[in-house]
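1. No letters, just coordinates:
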C-alpha cells in the first residue's frame, strides 16, 4: 500500500490519508470544499462547493497517478437532497465516464460542508 499526499488538496482533518493506492486501485478519502491553501470552506451553495470538491479530488487522484476519467465508483454525501439536481449538474461535468455511484443524504458533514465525495479509481 502507498499513502498519497499532495499540497494541491486540503490536508486531512483527522487521522487518515488523502488517498491510498493498493492493488492497482486508488481509494480516496472523502473531499469537501476546503481551499487547499487556507483550509477554509469555499462557496456558499452546493454548486460552488461541488466545483471545489472536484478540484480537490482531481488533485488527489493526480498525485496517485490517476484521474477522474479512471473512476470506477464514487460515493457522494449531501446534507440536503434538495441539492441533488444542482450537485448532479456539476458532477456530470467532471465524471464524464459515468462511474458507478451511490448518493446519500447525511445529517451533517465536517466543517459545515454541503457535499462530500469519495472515489475509487484505477491507478
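-> Good, I have the coordinates. Worth saying up front: this structure is predicted, and the values here are computed from it rather than measured. Residues are numbered from 1 along each chain as shown.
2. C-alpha from now on. contacts and neighbour counts both.
-> Noted.
3. Longest helix in this protein, please.
-> helix 46-63 (DSSP state H).
4. What strands line up against whatever helix or strand comes next after that one, and which way round?
-> Scanning forward in sequence from helix 46-63, with DSSP states H and E defining helices and strands, the next element found is strand 71-78. Using DSSP bridges, the strands paired with strand 71-78 in its sheet are strand 100-105 (parallel), strand 115-122 (antiparallel).
5. Okay, angle between strand 71-78 and helix 46-63 too, please.
-> Angle between the axes of strand 71-78 and helix 46-63 is 150 degrees (criterion: axes from the mean of the first three to the mean of the last three C-alpha atoms, to 10 degrees).
6. Give me the mean pLDDT for strand 71-78.
-> Here the mean pLDDT over strand 71-78 is 98, rounded to a whole number.
7. How about stretch 103-111?
-> Averaged across stretch 103-111, pLDDT comes to 96.
8. what comes into contact with it?
-> Residues lying outside stretch 103-111 but in contact with it, judged by C-alpha atoms under 8 Å, 6 or more residues apart in numbering, are 32, 41, 75, 76, 77, 78, 79, 80, 81, 114, 115, 116.
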